[in-house]
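J.: Quick one: sequence and predicted model below, then my questions.
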Amino acid sequence: MPKDTASHTGIGASTKRREDVRFLTGNGNYTDDISVFGQAYVHFLRSDVAHGRITSIDTSAAEGMPGVVKIFTGKDFEAVGSIPCGWQVTDRHGAVMKEPRHPVLAYGKVRHVGDPIAAIVADSLAEARDAAEAIVYDIEELPAAVNMKDALKDGAPLVHDDLSDNLCYDWGFVEENKGAVNEAIKTAAHVTTLELVNNRLVANPMEPRVAVAEWNKSNDEYTLYTTSQNPHVIRLLMGAFVLGIPEHKLRVVAPDVGGGFGTKIFHYAEEAFCTFAAKACKRPVKWTSTRSEAFMSDAHGRDHVTKIELALDKDNNFTAIRTETLANMGAYLSTFAPSVPTWLHGTLMAGNYKTPNIYVNVKAVFTNTVPVDAYRGAGRPEATYQLERVIDMAARELGVDPIALRRQNFITEFPYATPVAVEYDTGDYPATMDKLEEIADLAGFAARRKESEAKGKLRGLGVNCYIEACGIAPSNLVGQLGARAGLYESATVRVNATGSISVMTGSHSHGQGHETAFPQVVAEMLGIDASMIDIVHGDTARGPMGMGTYGSRSLAVGGSAMVRATEKIINKAKKIAAHLMEASEGDIELKDGQFTVAGTDKSVAWGDVTLAAYVPHNYPLDDIEPGLEETAFYDPSNFTYPSGAYACEVELDPETGKVTIERFSAADDFGNIINPMIVSGQVHGGIAQGIGQALLENCAYDENGQLLSASYMDYAMPRAADVPFYAVDHSCQTPCTHNPLGVKGCGEAGAIGSPPAVINAVIDALNSGGHKVAHMDMPASPSRVWAAMQG
Amino acid sequence: MYAFEIERPTTLADAVAALGREEAQALGGGQTLIPTLKQRLAMPSVLVSLSGIAEMRGVSVNDAGLLCIGGGTTHGTVAKEAAAHYPGLADLASHIGDPAVRNRGTIGGSLANNDPSACYPAAALASGATIVTNTREITADDYFQGMFTTALEEGEIVTEVKFPIPEVSCYIKFEQPASRFALVGVFVAKSADGVRVAVTGASNNGVFRWSEAEAALSSEFSVGALDGLSVASDDMIADLHGSAAYRAHLVGVMTKRAVAGAK
Ligand SMILES: Cc1cc2nc3c(=O)[nH]c(=O)nc-3n(C[C@H](O)[C@H](O)[C@H](O)COP(=O)(O)OP(=O)(O)OC[C@H]3O[C@@H](n4cnc5c(N)ncnc54)[C@H](O)[C@@H]3O)c2cc1C
């Protein structure tokens, strides 16, 4: 499919990202760049204890401080809705999950460090902060529920007094499989058991969250500018469930967004606060998160504690998998939190392997910590990590080659229905593994290990596979699974009179390059240059309702909607062209931006047709309407299933425990590819985040619920020097069978596939040095590796 | 931040006078102080910026052969200008923070702050440097008095640091993964009088000299001379990034590496 001509700007071209020009020259328009005339600033007074009862709060002195417009406390939001949860999980016993109220401002109790107690709106931020210091309040500190195991014990402090315990739900999947799984494990020739922690992460997008809200007194309309991955969803959640503002009175704009990684999917209290306060104060209200606030108010990611058992028969075929996971929800249910450890995690436990019996149990737990929700990969990295670690461990226990063990158990026939409710449409796992062996030069590893050893270093190789379910979609399916929203996507293709095109998409770009890649699709279909096409996104006033960007869904679902709308455009344009050329519609062909009549030399250009649509002097008005604008909503029939094989080589300094990544290779199957350069970039970024999780990042609380890693002084982010030059390849392509582009999605793969490769490599390095370490938890920081070596 | 006034003296005398004002505080490169102010953890009413004082900047060798570095000299300047005279010190300066930090942060600010994980204190102590202030000269051995604590009086300014130049030296920093300050940093300096070994990042009492290693290395300057030596972990820092035992272990490893790298 890729065309090699330099002028080709359609599918397969590695067009440079047009949005980067404004980003790299400082001309981006981020939410914090937006200031509304007369705006006031809000500062949130946040709890510095994890759990406590607010026994008194007196704002009277603060209200008299210079510049103060108004001060709000939880009481002002008693009549306002709870910050809603968008997904309802039904537990093993058929009961719905516990869903405690999440107030905009804490009322009665504070439940995590960072929970907002009061909000001060003032003429300037400095005055708001001064006034915050004049608020007199008392919090009676309560014992905190921090560690999940302790939080589930009888007599544990209750995060929510109106709940019987801290268990949100106890989910079994698939409950009917349980008996067969137990039996298979009992009768297995070998069972490998692994207990592990999937470490809590802070997403840390470069741009912190910001909200600017205004209210128009002449028409009672609100506008909220916010750092969101899905402005339409925020409009629905906040408008309908929190503030009671109908859609036609509420516009939500998410302009340039400086990275999201999941944490900007969710509806946050600060957004609702600013919107509410804009009317209450009759002034626009702006909030810009500081980095310190981000650490204690952005939803965190991961934080699972898991026990996984893998059963094998005497020939090393996988016969069963059983897992038990504790998943931290934090103090409140963030928008999609309940879905992450369940439907985004349990459904992936088959991985790339034909294991006939699988049972997953997840207990979701409330704790006095920041809410936890989706972070790049969401549930799928947790599944992949367990599975690929336990397979590696089994190979080591059995003394077999870990790659051979994987190959032996690969699914090779498609479609394949897993025992955990999903059906993979296509894939070719041996092919990606072959490709990996080649690009990673696995044959040369032994020699490289010798070189490292000559320098006094240990060298390890870690290999793993991954599968993910992307293009988060079929609405009817997710509805059965508890989603409270549909997961289609929309596109409006607006062809203008001169032939230029605006495509309104319901997905949202916050670094992914949609503004470059999406026009390539439309350009390919119409045979015109991509520079004639612009993508419009991130504004509920400018496009149809859409569900936003997460779960690697934008191209697979949003791109498909765009294809459908463009097909409608082509159909109508052909009717116009037929009329102009006095030919029959069936004979019209569109190629390279020219309409021709088959078998003749008659042609009209794209621009002639578009002009005719808007200046319909010579036009089939009896047949069709003027204008050339079409909308499509696309709801796919299945998820997409990208897959791949990754290899990591590490060097380990046995004197200090420091691990460095020497080589990293990724062979991915993303189906068809629109812009190979952007795909490589997505994989690079994902791997960097995966390496961050595996070696560096660790969000830690002490036993009182104090956040220990509350700034970059203690929370280690990966830097350029921490990652190698990657070898990435996406030439293995088994196109998705059910979307019109045959694409699968690539946004999360790197973050899903890389952590197990890194840890497998660390374990391999340790064992090569005679340290019989079966497992170590992430991050494999120098001190932990050193401790592991001490036994 | 709270509101404050700023004074920008161009002479040391004016700076001393300005620091006499109520709740005045010196501002060096601001790499430590400005973040502290932003978090409202300090509320000076006057900041006295030292960066306009020419007499407090520069790197030179005096008649006694001491390397003299003005208290307002940035890490970046030390990295460049001390390289020919005292490579171990220049190398240390070149690994502090990132280029932005090195172009603002100053040696005087670093020594006045005496962060237990900072790099310069190890160099000053291992070199047997003298800290010169507007009122007196203080030997490094007397100057460092525990975490964030020094011999400086209220309003006293570090105007210059005088380093005896060792025959060979080396600083090895094992970085704390998040902050990239020293999880453990060891400076080894060998001169005619013997060997001095200063350790930063490790101890609850701030930078310290490892006297056993000094004795062993003074009699034989080799990696092997350190075999069997270790520091006790009792006073070592234990936190998210490493246990006390790990830090004590790293002191040994980094000292060996510093000896091996000394030049
Ligand atoms: C991202 C980052 C990374 C860093 N990494 C490292 C590292 O790896 N190693 C390391 O050692 N440091 C590191 N630092 C700290 C850096 O070296 C600072 O520059 C230094 O600690 C303070 O120097 P300053 O000139 O910025 O002082 P300021 O921040 O201006 O002041 C610090 C304190 O010293 C006082 N002060 C300043 N100058 C004088 C003076 N001449 N006399 C008396 N008192 C004075 C001030 O009143 C204040 O109390 C890092 C800093 C940052 C921001």
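T.: Structure's in. What do you need?
J.: alpha carbons only for contacts and neighbour counts from here, please
T.: OK.
J.: Distance check, residue A:688 against residue A:661.
T.: Residue A:688 is 11 Å from residue A:661, where distance means CA to CA, to the nearest Å.
J.: Over to residue A:566?
T.: For residue A:566, the distance to residue A:661 - CA to CA - is 45 Å.
J.: Would you map the helices across the stretch 201-350 of chain A?
T.: Using DSSP state H, counting those that start in this stretch, the helices of the stretch 201-350 of chain A run over A:231-236, A:269-280, A:291-297.
J.: now those as CSV including mean pLDDT?
T.: CSV is the format used below for the helices of the stretch 201-350 of chain A (pLDDT from 0 to 100):
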stretch, mean pLDDT
helix A:231-236, 97
helix A:269-280, 98
helix A:291-297, 97
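J.: Can you pull the residues that touch both of residue A:688 and residue A:661?
T.: Common contacts of residue A:688 and residue A:661 (CA atoms under 8 Å, 6 or more residues apart in numbering or on different chains): residue A:723.
J.: What is the longest strand seen in chain B packed up against?
T.: The single longest strand within chain B, with elements called by DSSP state E, is strand B:182-191. Here strand B:182-191 touches helix B:120-127, strand B:168-175, strand B:194-200, helix B:244-261, going by 3 or more CA pairs under 8 Å, 6 or more residues apart in numbering or on different chains; DSSP states H and E.
J.: so which of the ones you listed is the most packed in?
T.: Most buried of the helices and strands packed on strand B:182-191, by mean neighbour count (mean count of other CA atoms under 10 Å in any protein chain shown): helix B:120-127, with a mean of 28.
J.: got a list of contacts for the next helix or strand after that helix?
T.: Next along the chain after helix B:120-127, taking DSSP states H and E as the criterion, comes strand B:130-133. With CA under 8 Å, 6+ apart as the test, strand B:130-133 has contacts from B:124, B:137-140, B:143, B:156-163.
J.: And those residues, which two are furthest apart?
T.: Spatial extent of the contacts of strand B:130-133 (CA to CA) is set by the pair B:156 and B:163 at 19.9 Å.
J.: Specify which residue of those two has the higher count of neighbours.
T.: Set side by side, residue B:156 and residue B:163 show more neighbours around residue B:163, with 24 against 18, by other CA atoms under 10 Å in any protein chain shown.
J.: That one - nearest residue in space that isn't next to it in sequence?
T.: residue B:129 (4.5 Å; CA to CA, 6 or more residues apart in numbering or on different chains).
J.: Tell me, how many residues neighbour the one you found?
T.: If you count neighbours by other CA under 10 Å, residue B:129 ends up with 23.
J.: And for residue A:245?
T.: Each residue near residue A:245 was counted by other CA under 10 Å, and the total is 18.
J.: Contacts only, for the closest residue to it other than its chain neighbours.
T.: Among residues not flanking residue A:245 along the chain, residue A:239 sits closest, at 4.4 Å (CA to CA, 6+ apart). Listed by CA under 8 Å, 6+ apart, the contact partners of residue A:239 are A:245-247, A:250.
J.: The residue nearest to residue B:163 against residue B:161, yeah?
T.: Yes: the pair residue B:129 / residue B:161 is scored as a contact, 6.8 Å apart, by CA atoms under 8 Å.
J.: quick check, nearest of the contacts of strand B:130-133 to chain A?
T.: For chain A, the nearest member of the contacts of strand B:130-133 is residue B:124. The distance, counting by CA to the nearest CA, is 24.2 Å.
J.: Which parts of chain B belong to which domain?
T.: B:5-163, B:168-261 (automatic domain parsing).
J.: The shortest one spans what distance, first to last residue?
T.: Spelled out, that is domain B:168-261. End-to-end distance for domain B:168-261, by CA to CA: 9 Å.
J.: close to the ligand, is that domain?
T.: Yes: using CA under 6 Å from any ligand atom, domain B:168-261 comes into contact with the ligand via B:180-181.
J.: What's the local residue count around residue A:711?
T.: Residue A:711 - counted by other CA under 10 Å - has 18 other residues nearby.
J.: Equivalent analysis for the one 3 residues further on, please.
T.: The number of residues packed around residue A:714, counting by other CA under 10 Å, is 21.
J.: Same question for residue B:40.
T.: When counting by other CA under 10 Å, one arrives at 12 neighbours for residue B:40.
J.: Return the residues of chain B in contact with chain A.
T.: B:1-2, B:177-179, B:240-243, B:246, B:250, B:253 (CA under 8 Å from any CA of the partner chain).
J.: what about residue 22, how many neighbours?
T.: Picking chain A for this. When neighbours are counted by other CA under 10 Å, residue A:22 registers 11.
J.: Let me rephrase: I mean chain B.
T.: 10.
J.: Show the contacting residues for it.
T.: Counting by CA under 8 Å, 6+ apart, residue B:22 touches B:45-46.
J.: do that again at 10 Å, thanks
T.: Counting by CA atoms under 10 Å, 6 or more residues apart in numbering or on different chains, residue B:22 touches B:44-46.
J.: Nearest to the ligand among these?
T.: If you rank the contacts of residue B:22 by distance to the ligand using CA to the nearest ligand atom, residue B:44 comes first, at 9.5 Å.
J.: Now for chain A, the helix or strand with the poorest mean pLDDT.
T.: Of all the helices and strands that make up chain A, helix A:475-480 has the lowest average by mean pLDDT, DSSP states H and E, namely a mean of 86.
J.: helix, strand or coil for whatever residue of chain B ends up closest to chain A?
T.: Nearest residue of chain B to chain A (CA to the nearest CA) works out as residue B:178 at 3.7 Å. Following DSSP: H, G, I helix; E, B strand; the rest coil, the label given to residue B:178 is coil.
J.: average pLDDT across stretch A:323-343?
T.: Over the span of stretch A:323-343, the pLDDT mean works out to 97.
J.: And that stretch, end to end?
T.: From its first residue to its last, stretch A:323-343 covers 14 Å (CA to CA).
J.: Would you confirm that the residue nearest to residue B:163 contacts residue B:111?
T.: No: using CA atoms under 10 Å, residue B:129 is not in contact with residue B:111; the gap is 11.5 Å.
J.: What count of nearby residues applies to residue 24?
T.: With no chain named, the answer covers chain A. Here the number of neighbours of residue A:24 (other CA under 10 Å) works out to 9.
J.: Correction: the question concerned chain B.
T.: 21.
J.: cool, residue B:136 as well?
T.: 12.
J.: thinking it is in contact with residue B:156, fair?
T.: Yes: counting by CA under 10 Å, residue B:136 touches residue B:156, with 9.4 Å between them.
J.: which one of the contacts of residue A:239 sits closest to residue A:256?
T.: Out of the contacts of residue A:239, the member with the shortest distance to residue A:256 (by CA to CA) is residue A:250, at 19.5 Å.
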